[in-house]
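J.: Following is a predicted model, sequence given first.
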Amino acid sequence: MTTVGSYLATRFSQIGLQHHFAVAGDYNLVLLDELLKQPGLEQVYCSNELNCGFSAEGYARANGAAAAVVTFSVGALSALNAIGGAYAENLPVILVSGAPNTNDRASQHLLHHTIGTHDFGYQLEIAKKLTCAAVSITSAEDAPALIDHAIGTALRERKPAYIEIACNLSAAACAEPGPISAVTGPEASDPDTLAAAVDAAAAFLAGKQKPVILVGSKLRAAGAEQETVALAESLGCAVAVMAAAKSFFPEDHPQFAGIYWGEVSAPGAREIVDWSDGVLCLGTVFNDYSTVGWTAQPSPATSIVADLQRVTLPGHDFSRVQLREFVSALARKVERRDATMTELARIRSEPVPEPAAEPAAKLTRAEFVRQLRPLVTPDSTVFAETGDSWFNGLKLHLPGGARFEVEMQWGHIGWSVPSVFGYAVGAPERKVIGLIGDGSFQLTAQEVAQMIRRKLPVLIFLMNNHGYTIEVEIHDGPYNNVKNWDYAGLISAFNADDGNGLGLRATSGGELAKAIETARSHTGGPVLIEVVIDRDDCTSDLISWGKRVAAANARPPQPVR
């Protein structure tokens, strides 16, 4: 026999977790004790439950899965915001919440950390809407099956799951774990349907003269990045990626055509996708943001759309087809069609040299991006926060091996600080660079203190332009202003008497260059460089994108028919 908490800890280790994130509360304290007993599974503490959830989300980006442990109601309801983000971004985060004692449920006691009713089931009902599996453990005998169901479903569906454990059961005895293969075994495609989908897609592409591949953000969830490279090389066509999928296809590959994002696409990318007579969409997500207010979306009549478990094309709809298996099989079936590469060579322009600004001149966004470029190396991972950081990051050319992370479906400002923290815990070998605006930073700034606590060598560029610039370009008003902070000075407060974080401030190109040089040699903690620029100094892409999104938001009501 083992305990419920130890069973959970064993399963965490068996699925490859070396860490789990936690915020303590009286309903989960015994559970945290049980988790601490598991060899090789480290407990990582966060400043609050929202940050805990986003830290686990970042860890899942690095590690493939993650876990966060919080207390009931006051903790979990906050963490569920981040779990909603993990659901939107296809990341298997296991949220574990302590819960009231089973005797209190039976006796109808009124308890703290609740909404003041005798119904303790509201949190489970909310979690069901934000996860692929949500279970409540009120019997130690049922714990193994319920834990395995939640974890297994999360791994198969690449979505978060929720496990609620009554506080008097964490140390209760239950059965030992069985083989992990029963939990992690993949769900394969239906063989006949897979073959039919591949035949139909190959025939569709064979009838096109100039097909193109469009890569979306679900490709990573499918584990199909390498298979997509093989398919692209077999087909010989140009490959564009959506903004949320930057780095999911190698940017140093000769067939890479750039970011496709409507009128804010990389030079040549929109032209080649629009010129194509057949678009093979792999793991794509078309929402109002990614289509620039519904102005950029391939026509269904000329597209194959391969989702995680479904393939559709004109006249066909195939379910139970795993994206990775589909891409791999299709690569062996397609005929070469390289017209888009020929056209891309004609229209592709050479990068324009970027002259350095005068060192004493007031710092601009363009000068910041110019100095940022050399920092991105094959072992780098760049996080771009919602806002103009998206567009600054998208302008970076990534060498082979470099990674890029955004949260474009959920779009929660402030996401990047705790997500960077979690990613850096999960991938200590990576050089992690965060790009974040001042308004976003104020939502989750506390997790920089945890970077200091763990001596993580994270580099954060904080763009201080005194407001929510992305909202300014969508719809401006006084609500887009934020109280200015001494961001560089804040690091000293976080350091207190035992930290080794470093805060720097740059108002000119010369100061930025010096700050970057200082950051390169700093060890033992994170570096935050406050980049001070004018409020209206943003990319033209953000302005164009913001106008389109604002127009989509402002559409008048249409009569229901």
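T.: That came through, no problem.

J.: In this structure Leu372 contacts Met463, no?
T.: No. Counting by CB atoms under 8 Å, Leu372 sits too far from Met463 to count as a contact (11.0 Å). For the C-beta atoms, the positions are set from N, CA and C on the backbone; glycine is no exception.

J.: Common neighbours of these two, please.
T.: Contact criterion CB atoms under 8 Å, 6 or more residues apart in numbering; residues shared by Leu372 and Met463: 392, 435.

J.: out of those two, which sits in the more crowded spot?
T.: Per other CB atoms under 10 Å, whichever of Leu372 and Met463 has more neighbours is Met463, with 27 against 21.

J.: Mind jotting down where the strands sit in the stretch 51-200 of the chain?
T.: Under the criterion DSSP state E, counting those that start in this stretch, the stretch 51-200 of the chain carries strands at the ranges 66-70, 93-99, 133-137, 161-166, 173-174.

J.: strand partners of the first one, parallel vs antiparallel please.
T.: Pointing back at strand 66-70 there. strand 19-22 (parallel), strand 93-99 (parallel) (DSSP bridges).

J.: Just say which of those strands is most tucked in.
T.: Comparing the strands paired with strand 66-70 by mean neighbour count (mean count of other CB atoms under 10 Å), strand 93-99 comes out on top with a mean of 30.

J.: for it, what is the average pLDDT?
T.: Strand 93-99 shows a mean pLDDT of 97 in the predicted model.

J.: so it versus strand 133-137, what angle?
T.: 30 degrees (axes from the mean of the first three to the mean of the last three CA atoms, to 10 degrees).

J.: Off-centre distance for strand 93-99?
T.: Centroid displacement of strand 93-99 relative to its chain, using CA atoms, centre = their mean, to the nearest Å, is 20 Å.

J.: and the angle for it with strand 161-166?
T.: On the basis of the same axes, to 10 degrees, strand 93-99 is oriented at 20 degrees to strand 161-166.

J.: one step back: for Gly5, find the nearest of the strands of the stretch 51-200 of the chain.
T.: Within the strands of the stretch 51-200 of the chain, the stretch nearest Gly5 is strand 161-166; the backing value is 7.6 Å (CB to CB).

J.: That closest one pairs with which strands, and in what direction?
T.: strand 93-99 (parallel), strand 133-137 (parallel).

J.: and Val215, how many residues sit next to it?
T.: Using other CB under 10 Å: Val215 sits among 27 other residues.

J.: Assess the claim that it and Lys246 are in contact.
T.: No. Applying CB under 8 Å, one finds Val215 not in contact with Lys246, separated by 9.3 Å.

J.: Could you list the low-pLDDT ranges of this structure?
T.: Where the chain drops to pLDDT under 70, the residues are 470, 472-473.

J.: center of it - which residue?
T.: When CA atoms, centre = their mean is applied to the chain, the residue found nearest the centroid is Glu407 (4.7 Å).

J.: does the nearest residue to Leu41 once chain neighbours are set aside sit in a helix or strand, and which one?
T.: Leaving aside its chain neighbours, Leu41 sits nearest to Ser13 (5.3 Å; criterion: CB to CB, 6 or more residues apart in numbering). Per DSSP states H and E, Ser13 falls inside helix 4-14.

J.: How about Leu542?
T.: Using DSSP H and E, Leu542 falls within helix 540-553.

J.: Kindly export that helix (C-alpha atoms) in CSV.
T.: Provided in CSV are the C-alpha atoms of helix 540-553 (Å, rounded to 0.1, in the frame of the first residue of the first chain):
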residue,chain,number,x,y,z
SER,A,540,3.5,49.9,-37.7
ASP,A,541,2.3,46.3,-37.6
LEU,A,542,0.6,46.9,-34.2
ILE,A,543,-1.1,50.0,-35.6
SER,A,544,-2.4,48.1,-38.6
TRP,A,545,-3.4,45.1,-36.6
GLY,A,546,-5.1,47.1,-33.9
LYS,A,547,-7.3,49.0,-36.5
ARG,A,548,-8.4,45.7,-38.0
VAL,A,549,-9.2,44.2,-34.6
ALA,A,550,-11.0,47.3,-33.5
ALA,A,551,-13.1,47.2,-36.7
ALA,A,552,-14.0,43.6,-36.0
ASN,A,553,-15.0,44.5,-32.4
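
J.: May I see the buried residues of that helix?
T.: 541-542, 544-546, 548-549, 552 (16 or more other CB atoms under 10 Å).

J.: again, but for stretch 57-65
T.: Neighbour-count burial for stretch 57-65 [16+ other CB under 10 Å]: 57-65.

J.: next one: stretch 5-17
T.: 5-13, 15, 17.

J.: Pick out the most distant pair among these.
T.: Spatial extent of the buried residues of stretch 5-17 (CB to CB) is set by the pair Gly5 and Ile15 at 16.2 Å.

J.: And the spatially closest residue to the residue nearest to the centre of the chain that is not a sequence neighbour, how far from Phe383?
T.: The shortest distance from Glu407 to any non-neighbouring residue, by CB to CB, 6+ apart, is to Trp415 (4.7 Å). Distance, Trp415 to Phe383, by CB to CB, to the nearest Å: 9 Å.

J.: What of Ala402?
T.: From Ala402 to Phe383 the distance is 12 Å (CB to CB).

J.: Check which element follows the host helix or strand of Ile213 along the chain.
T.: Under the criterion of DSSP H and E, Ile213 resides in strand 211-215. Downstream of strand 211-215, the next assigned helix or strand under DSSP H and E is helix 218-222.

J.: coming back round to it: show me which of Ala402 and Phe383 is the more surrounded one.
T.: Taking other CB under 10 Å, Ala402 and Phe383 do not tie; Phe383 has more neighbours (27 against 23).
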